[in-house]
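**Q** I would like the atomic coordinates for the input below:
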Amino acid sequence: MHQWSPLSANITLVRRPDDEVEENVTRRWRILHITDAHISLAQADEHGRGHTRRMHEAFRTEREKYLGARSLPADTFQRLIHLAHEVAADAVVLTGDIVNFPHNASVQYVSDILSTARRAGGARMPVIYTSGNHDWFVEGLQQSVKAQRKRFRREILRPLYAGNRRSGCASSWSDESDREDCTLLELGGEDRSRTSEAARSRSGGTRAPELLILAIDNAAHEVTGAQAAFVWRELARGLPTLLAVHVPFMLAGATPKQNKQVLCGDPRYGHDSDPTFRIENRERWPKSGSTPTTLRFVEDIVRRFAAPRGPLIGVIGGHEHLHRADVVGQKRSPPALKLQCDASEPPRCTNANRGHQAGVDIHEGLVQYVTLPAVQGGHRLIEVRDARPLSWQGKHRFP
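**A** Okay, here's the model as predicted:
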């Protein structure tokens with residue numbers, strides 16, 4: 001069950017849509033999603049004079065969407081990482097275009113900021129990162145997009161992957177040949193509910209199911225066979241899962257068909273619909289369009305693995321520099337406001353219906369969240385609440 005605003009998302013796991021929520025919550029996880037920070041401390045003249053000028057000048061300063069002040073992207077990013085501690089986040093998810101182009105000084109700055117992030121108890125904040133197309137691309141460089149991606153992810157972006165605890169698409173985590181393509185973060189065992197002690201006592205002290213966060217690098221508008229196999233293998237565990245990508249998917253029946261940006265798995269993707277190849281001074285998109293593997297992957301998300309039938313509860317991405325929520329599922333009526341007032345004069349009233357936000361539609365199923373760019377102060381705080389009965393959790397996972 002989903003509710004959201006431009007800067008937040010609340011996802012509640014329930015056994016049935018009409019179940020009581022607040023009193024049944026046994027686990028809460030908070031994830032701070034940050035994307036499209038577009039940090040460049042200087043031009044990267046080591047790649048050739050002028051190749052990075054356009055992107056550096058484009059994001060020298062940006063007006064923060066909600067504060068109105070103009071800020072340096074590097075300062076805004078630092079403020080957002082501090083926010084992770086303030087809201088007691090359990091993890092930070094970075095989905096690409098964190099830097100403007102591959103530049104050692106900018107990457108090291110980001111790495112240093114991330115190293116200061118701490119959880120409420122003082123432990124280092126888990127961070128999961130997947131790249132965006134600008135992170136590894138230098139305009140006008142006499143190298144193909146594919147070659148730049150392979151080269152700069154390893155040579156320059158490596159510090160950003162250092163926080164990824166389990167990387168690589170292969171079933172054997174010792175194989176690091178594709179460590180930048182697939183990443184997994186497991187969260188679990190953290191009690192944030194008021195009833196957690198009683199619930200743990202009733203369950204005999206058993207550990208609640210974990211939450212999975214998977215990340216795949218689709219910044220080139222492609223999902224490979226190895227990435228698809230990785231995602232399907234992890235989803236087969238039956239645990240609630242979030243999938244993090246840079247480029248959102250064109251989800252049939254959910255994403256607007258005439259979306260301004262061409263997305264991953266988009267029928268419009270191809271040689272004749274590439275809008276920026278001249279501006280970015282690169283080769284055009286392929287005449288063949290999206291690969292069959294990419295199209296099948298996007299189709300399977302909707303038909304096979306989207307909640308409530310499957311374990312995929314959400315997709316989080318960026319790239320588009322806007323807020324949008326694409327719903328694969330049905331809308332339910334917003335919960336009614338239930339006022340509970342005391343006997344004081346004037347009376348003090350609170351909403352007794354604390355399970356969901358009153359007046360805001362509830363959506364059942366999977367939602368793809370497109371997050372506002374960090375360069376403008378955008379972010380999304382995602383809270384996942386498990387309100388399924390403990391006696392039911394251990395025996396019933398997603399099919």
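**Q** For the chain, name the helix or strand with the lowest mean pLDDT.
**A** helix 196-202 (a mean of 39; mean pLDDT, DSSP states H and E).
**Q** following it, which helix or strand comes up?
**A** Moving toward the C-terminus from helix 196-202, the next helix or strand (DSSP states H and E) is strand 211-216.
**Q** Mind giving me the packing neighbours of that next one?
**A** When contacts are defined as 3 or more Cβ pairs under 8 Å, 6 or more residues apart in numbering; DSSP states H and E, strand 211-216 packs onto strand 91-94, strand 127-129, strand 182-187, helix 225-235, strand 241-244. Just so you know, the C-beta spots here come from the backbone N, C-alpha and C atoms, and that holds for glycine as well.
**Q** Which positions in the longest helix along the chain come out as buried?
**A** Counting by DSSP state H, the longest helix found in the chain is helix 73-86. For helix 73-86, the neighbour count (16 or more other Cβ atoms under 10 Å) marks 73-74, 76-78, 80-81, 83-85 as buried.
**Q** where exactly do the strands run in the stretch 51-200 of the chain?
**A** Using DSSP state E, counting those that start in this stretch, the strands of the stretch 51-200 of the chain run over residues 62-63, 70-71, 91-94, 127-129, 166-167, 182-187.
**Q** still on that earlier bit, possible to save the buried residues of helix 73-86 as JSON lines with distance to residue 38 and pLDDT?
**A** Formatted as JSON lines, the buried residues of helix 73-86 follow (distance: Cβ to Cβ, whole Å; pLDDT from 0 to 100):
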{"residue": "73", "distance to residue 38": "5", "pLDDT": "94"}
{"residue": "74", "distance to residue 38": "10", "pLDDT": "95"}
{"residue": "76", "distance to residue 38": "10", "pLDDT": "94"}
{"residue": "77", "distance to residue 38": "9", "pLDDT": "96"}
{"residue": "78", "distance to residue 38": "14", "pLDDT": "95"}
{"residue": "80", "distance to residue 38": "13", "pLDDT": "95"}
{"residue": "81", "distance to residue 38": "15", "pLDDT": "95"}
{"residue": "83", "distance to residue 38": "18", "pLDDT": "94"}
{"residue": "84", "distance to residue 38": "19", "pLDDT": "94"}
{"residue": "85", "distance to residue 38": "23", "pLDDT": "91"}
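**Q** Just flag the most distant two among those.
**A** 73 and 85 (20.2 Å; Cβ to Cβ).
**Q** coming back round to it: of all the helices and strands packed on strand 211-216, which one is nearest residue 163?
**A** Residue 163 lies closest, by Cβ to Cβ, to one member of those: strand 127-129, at 3.8 Å.
**Q** Quick check: neighbours of the closest one in the sheet, parallel or antiparallel?
**A** Here strand 127-129 has these sheet partners by DSSP bridges: strand 91-94 (parallel).
**Q** And residue 172, what's its pLDDT?
**A** With respect to pLDDT, residue 172 scores 58.
**Q** Kindly confirm whether my reading is correct that residue 295 touches residue 265.
**A** Yes. Using Cβ atoms under 8 Å, residue 295 is in contact with residue 265, at 5.7 Å.
**Q** quick one on the thing from earlier: using TSV, please lay out the helices and strands packed on strand 211-216 together with mean neighbour count, mean pLDDT and distance to residue 51.
**A** Putting the helices and strands packed on strand 211-216 into TSV (neighbours: other Cβ atoms under 10 Å; pLDDT from 0 to 100; distance: least, Cβ to Cβ, whole Å) gives the following:
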stretch	mean neighbour count	mean pLDDT	distance to residue 51
strand 91-94	26	97	24
strand 127-129	25	96	24
strand 182-187	22	93	29
helix 225-235	18	95	29
strand 241-244	25	98	29
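**Q** mind putting the ones you listed in a markdown table, distance to residue 341 included?
**A** Shown next, in a markdown table, are these (distance: least, Cβ to Cβ, whole Å):
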| stretch | distance to residue 341 |
| --- | --- |
| strand 91-94 | 39 |
| strand 127-129 | 44 |
| strand 182-187 | 38 |
| helix 225-235 | 46 |
| strand 241-244 | 38 |
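**Q** I'd like to know which of the ones you listed is closest to residue 46.
**A** Going by Cβ to Cβ, the one of the helices and strands packed on strand 211-216 nearest residue 46 is strand 127-129, 22.6 Å.
**Q** What residues does residue 302 make contact with?
**A** By Cβ atoms under 8 Å, 6 or more residues apart in numbering, the residues touching residue 302 are 251-254, 328.
**Q** how close does it get to residue 255?
**A** From residue 302 over to residue 255 the distance is 10 Å, taken as Cβ to Cβ, to the nearest Å.
**Q** do residue 249 as well
**A** Residue 249 is 7 Å from residue 255, by Cβ to Cβ.
**Q** What of residue 41?
**A** As judged by Cβ to Cβ, residue 41 and residue 255 stand 35 Å apart.
**Q** How about residue 370?
**A** Between residue 370 and residue 255 the computed distance is 9 Å (Cβ to Cβ).
**Q** Would you mind listing the residues touching both of these two?
**A** Joint contacts of residue 370 and residue 255 (Cβ under 8 Å, 6+ apart) are 248, 326.
**Q** what about those two, which has more around it?
**A** Using other Cβ atoms under 10 Å, the more surrounded residue of residue 370 and residue 255 is residue 370, with 24 against 20.
**Q** Would you mind measuring from the nearest residue to the more buried one once chain neighbours are set aside to residue 261?
**A** Once flanking residues are discounted, residue 370 sits nearest to residue 324: 4.2 Å by Cβ to Cβ, 6 or more residues apart in numbering. Remark: distance between residue 324 and residue 261 (Cβ to Cβ) = 10 Å.
**Q** And for residue 317, nearest residue in space, chain neighbours not counted?
**A** Per Cβ to Cβ, 6+ apart, closest to residue 317 is residue 248, 4.1 Å.
**Q** could you pull out the helices for the stretch 1-150 of the chain?
**A** Assigned by DSSP state H, counting those that start in this stretch, the stretch 1-150 of the chain shows helices spanning 53-58, 73-86, 104-115, 145-155.
**Q** Can you point out the buried residues in the last one?
**A** For helix 145-155, a neighbour-count test (16+ other Cβ under 10 Å) marks 145, 148-149, 152-153 as buried.
**Q** Poorly predicted segments of the stretch 1-150 of the chain, please.
**A** Low-confidence regions of the stretch 1-150 of the chain, defined by pLDDT under 70, span residues 17-22, 67.
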